[in-house]
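[1] Got a predicted structure here, sequence first:
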Number of protein chains: 6
Amino acid sequence: MSKAEEFRAHRERMNQRILDQGTLVTRRFMNLDTKCYEAGALDAKTKEMLGLAASLVLRCDDCIAYHVLRALEEGVTRREMVEVFDVGLVVGGSITVPHIRRAHELLDETAPEEAS
Amino acid sequence: MSKAEEFRAHRERMNQRILDQGTLVTRRFMNLDTKCYEAGALDAKTKEMLGLAASLVLRCDDCIAYHVLRALEEGVTRREMVEVFDVGLVVGGSITVPHIRRAHELLDETAPEEAS
Amino acid sequence: MSKAEEFRAHRERMNQRILDQGTLVTRRFMNLDTKCYEAGALDAKTKEMLGLAASLVLRCDDCIAYHVLRALEEGVTRREMVEVFDVGLVVGGSITVPHIRRAHELLDETAPEEAS
Amino acid sequence: MSKAEEFRAHRERMNQRILDQGTLVTRRFMNLDTKCYEAGALDAKTKEMLGLAASLVLRCDDCIAYHVLRALEEGVTRREMVEVFDVGLVVGGSITVPHIRRAHELLDETAPEEAS
Amino acid sequence: MSKAEEFRAHRERMNQRILDQGTLVTRRFMNLDTKCYEAGALDAKTKEMLGLAASLVLRCDDCIAYHVLRALEEGVTRREMVEVFDVGLVVGGSITVPHIRRAHELLDETAPEEAS
Amino acid sequence: MSKAEEFRAHRERMNQRILDQGTLVTRRFMNLDTKCYEAGALDAKTKEMLGLAASLVLRCDDCIAYHVLRALEEGVTRREMVEVFDVGLVVGGSITVPHIRRAHELLDETAPEEAS
């Protein structure tokens, strides 16, 4: 299993556990977390990039990994991805660099043909 | 002078002061801060929304105000703006709500015709 | 109007504005933000103190003010409030002190008889 | 050795190292870090939940693990724990979800009989 | 009264209030907050600059103002101050810029002769 | 290979990858990230300690590890290092303790003779 697959399997299993053990508030929040990335006035591709920028400046590796993988599915190219990283890097500072290193590692493994 | 104009005048005056007093590092950083929102693989509108989402989850009122005003200039509608807020709200939590309150105040003053 | 009343009036007015302009996601989130403080396995008093501790370490003055006022309504004493501040102070560090200064100002205005 | 025991052994060993190498300021801070969770106007159970909520929104896995284990010792049930997570989740947003996943993993290992 | 004097008077008055209303934990923490900037292996000037860098990346205006004023007392020049800002700016990103604007305003008012 | 060497090799390899895949903005930022620690009005030793304090309160293990290793090269003693940690600990709170634990582990491996 690739690192990306492992990450997704663990994420899915434990999100299910959160739902099983959770309250109505927990379940409604988890539902919103899916809903807010669905196409509306903005398309899903843009929303995934927004989620990625937000995750990057808040420096959450798991959230970054999730949105990088979802962004790839929505057709975000490596060059576009890098420009999302650039906004995060300038807004959030050098403290985001270790996360960008790990994001490139994931991209190199998952979508190597996308590298420029 | 409206609140938006006051904010911009102060921002410009003090950014000039930062450049005047700053080092080469300061000046280069300030330059990057402009450059990273210029159209590239992603257009300027998308980049402003990324900057807005990042500013919202980091909870910086001045940065939010700046990107809201720039986003309006790039043609972001109120409905699209609200969906950027939604991503910030779900990713960043209720701690972002006071900032969304102030962002709506700025929008109501600056682009009231845009309200749905 | 006292500072506490002003704060609450502004909060209510702008939260209504967020709901008016918002999407289904916005409205559901705002609803959860109320729901998660309702009594369940934990009583409302404990939950308000949890919200206060979380707001303090995230350093959001508006959120702190809101939970301080709600905590007073739930019967939290000044001494208990101070112990919530203590946990926030030790977990979050001296960076929380300016917020604790403002929280005491609000308490002195709102519930002066509570001061020890 | 279970994951919880390993975590505690490492924590204790390295805290001792911090004390050995530290200054008077270091030692006094570490002492306060213990003291602020002792029963006072609020009981130890409530204080551990406050520490857990603060740790969750600041997204520190080691701090979350420590307070989850201490909360179990103070008699916090799984259901109560989940309501502490709920406050953290709503205040701190979806960025806290990966930490809640890991907290449930620790709970499943440490107190499986507590699961609802 | 200048802005700097006003800030200091309010800070002192409310810190006293925190001590009056606080617990033993509160008082010991406030004491540590003074103690950790006293000369030791590092001199007081260096420690004030460390406190300033930390306050800048955590984006707390009151803490920045306090350390800017203390740094001036310890003989930190405007040029040195700017280099502390530079480290904060690069580590913490453009989100720190509004705080650097306000820090320069305070410096222009308090130590105008120091400007290069 | 020691943990410190492994960390540095990975860091170098992935920073190169960021530069290869990056834009002009990316490359300029990475360049600034080096430049801002070079001696100017403040010497390199002081700047590394500023970077360390900033990294500690922002709680980034990779950034802390990098600045601890660079600080050792600039001649920062263990005792001075501990006083930098103290400022971070008091400003940033107990949430920084797990990072200080890991920093001492790195120091014990890299510069054991430095321990007091």
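    Structure's in. What do you need?
[2] Give me the phi and psi for residue A:77.
    Main-chain dihedrals, residue A:77, degrees, to the nearest 10: phi -80, psi 170.
[3] ok, now which ones touch it?
    Counting by C-beta atoms under 8 Å, 6 or more residues apart in numbering or on different chains, residue A:77 touches A:114, B:41. C-beta here means a position set from N, CA and C on the backbone, and glycine is covered the same way.
[4] What separation do you get for it and chain F?
    11 Å (C-beta to the nearest C-beta, to the nearest Å).
[5] And that residue, how close does it get to residue B:40?
    11 Å (C-beta to C-beta, to the nearest Å).
[6] joint contacts of these two?
    Common neighbours of residue A:77 and residue B:40 (C-beta under 8 Å, 6+ apart) do not exist.
[7] what about residue A:81, how many neighbours?
    Neighbour count of residue A:81, defined by other C-beta atoms under 10 Å in any protein chain shown: 24.
[8] Kindly tell me how buried residue A:76 is, as a neighbour count.
    So residue A:76, with other C-beta under 10 Å, has 24 neighbours.
[9] Could you tell me what pLDDT the model assigned to it?
    Predicted confidence (pLDDT) for residue A:76: 98.
[10] does it count as helix, strand or coil?
    coil (DSSP: H, G, I helix; E, B strand; the rest coil).
[11] ok, it - contacts?
    Here residue A:76 is in contact with A:45, A:48, A:49, A:84 (criterion: C-beta under 8 Å, 6+ apart).
[12] Which two among the residues you listed are spaced furthest apart?
    Across the contacts of residue A:76, the longest distance by C-beta to C-beta is 11.1 Å; it joins A:45 and A:84.
[13] ok, these two, which is more surrounded?
    residue A:84 (27 against 17).
[14] Secondary structure element holding the more buried one?
    helix A:78-92 (DSSP states H and E).
[15] follow-up on the earlier one: any common contacting residues for residue A:45 and residue A:84?
    A:71, A:76.
[16] Residue A:110 is in contact with residue A:7, isn't it?
    No - with contact defined as C-beta atoms under 8 Å, residue A:110 does not count as touching residue A:7 (10.1 Å).
[17] what do these two both touch?
    Joint contacts of residue A:110 and residue A:7 (C-beta under 8 Å, 6+ apart) are residue A:69.
[18] Send me the lengthiest helix in chain A as PDB with only the CA atoms.
    For chain A, the longest helix by residue count, based on DSSP state H, is helix A:3-21. Provided in PDB are the C-alpha atoms of helix A:3-21 (Å, rounded to 0.1, in the frame of the first residue of the first chain):
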ATOM      1  CA  LYS A   3       1.700   6.100   1.800                       C
ATOM      2  CA  ALA A   4      -1.300   7.900   0.300                       C
ATOM      3  CA  GLU A   5      -3.400   4.800   0.400                       C
ATOM      4  CA  GLU A   6      -2.400   4.100   4.000                       C
ATOM      5  CA  PHE A   7      -3.200   7.600   5.000                       C
ATOM      6  CA  ARG A   8      -6.600   7.400   3.400                       C
ATOM      7  CA  ALA A   9      -7.400   4.000   4.900                       C
ATOM      8  CA  HIS A  10      -6.500   5.200   8.400                       C
ATOM      9  CA  ARG A  11      -8.400   8.400   8.000                       C
ATOM     10  CA  GLU A  12     -11.600   6.600   6.900                       C
ATOM     11  CA  ARG A  13     -11.400   4.000   9.600                       C
ATOM     12  CA  MET A  14     -10.900   6.600  12.400                       C
ATOM     13  CA  ASN A  15     -13.500   9.000  11.000                       C
ATOM     14  CA  GLN A  16     -15.900   6.100  11.200                       C
ATOM     15  CA  ARG A  17     -14.900   5.600  14.800                       C
ATOM     16  CA  ILE A  18     -15.500   9.300  15.500                       C
ATOM     17  CA  LEU A  19     -19.000   9.000  14.100                       C
ATOM     18  CA  ASP A  20     -19.700   5.800  16.000                       C
ATOM     19  CA  GLN A  21     -18.600   7.200  19.300                       C
END
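[19] quick one: is that helix near chain F?
    No - Helix A:3-21 stays clear of chain F (C-beta under 8 Å from any C-beta of the partner chain), getting no nearer than 14.5 Å.
[20] which secondary structure elements does that helix contact?
    Counting contacts by 3 or more C-beta pairs under 8 Å, 6 or more residues apart in numbering or on different chains; DSSP states H and E, helix A:3-21 packs against helix A:24-35, helix A:61-73, helix A:97-110, helix D:97-110.
[21] redo that, cut-off 10 Å
    helix A:24-35, helix A:61-73, helix A:97-110, helix D:78-92, helix D:97-110 (3 or more C-beta pairs under 10 Å, 6 or more residues apart in numbering or on different chains; DSSP states H and E).
[22] got the angle between it and helix A:97-110?
    110 degrees (axes from the mean of the first three to the mean of the last three C-alpha atoms, to 10 degrees).
[23] So which residue is smack in the middle of chain A?
    The geometric centre of chain A, computed from its C-alpha atoms, lies nearest to residue A:67 (C-alpha atoms, centre = their mean), at 1.6 Å.
[24] quick one: the nearest residue to that residue once chain neighbours are set aside from residue F:14, how far?
    Leaving aside its sequence neighbours, residue A:67 sits nearest to residue A:52 (C-beta to C-beta, 6 or more residues apart in numbering or on different chains; 3.9 Å). Relative to residue F:14, residue A:52 is positioned 18 Å away (C-beta to C-beta).
[25] Tell me which of those two has more neighbours.
    Per other C-beta under 10 Å, whichever of residue A:52 and residue F:14 has more neighbours is residue A:52, with 27 against 19.
[26] so where's chain A shaky on pLDDT?
    A:116 (pLDDT under 70).
[27] again, only this time at 80
    For chain A, residues meeting the criterion pLDDT under 80 lie at A:1, A:113-116.
[28] Can you pull the residues of it lying near chain E?
    A:57, A:87, A:88, A:89, A:90, A:91, A:92, A:93, A:94, A:95, A:96, A:97 (C-beta under 10 Å from any C-beta of the partner chain).
[29] and with 6 Å instead?
    Contact residues, chain A versus chain E (C-beta under 6 Å from any C-beta of the partner chain): A:90, A:91, A:92, A:93, A:94, A:95.
[30] Those also near chain B: which ones?
    Answer for these near chain B (C-beta under 6 Å from any C-beta): A:90, A:91.
[31] sec struct for residue A:38, please.
    Per three-state DSSP, residue A:38 ends up coil.
[32] What are the phi and psi values at it?
    Dihedral angles for residue A:38 - degrees, to the nearest 10 - are phi -80, psi 150.
[33] excluding its backbone neighbours, what's nearest it?
    Residue A:38's closest residue in space is residue A:44 (C-beta to C-beta, 6+ apart), at 6.6 Å.
[34] doesn't residue A:74 make contact with the one you found?
    Yes - Residue A:44 lies in contact with residue A:74 (C-beta atoms under 6 Å); the separation is 5.4 Å.
[35] how many other residues sit next to residue A:69?
    19.
[36] For it, which non-adjacent residue is closest in space?
    Per C-beta to C-beta, 6+ apart, closest to residue A:69 is residue A:4, 6.0 Å.
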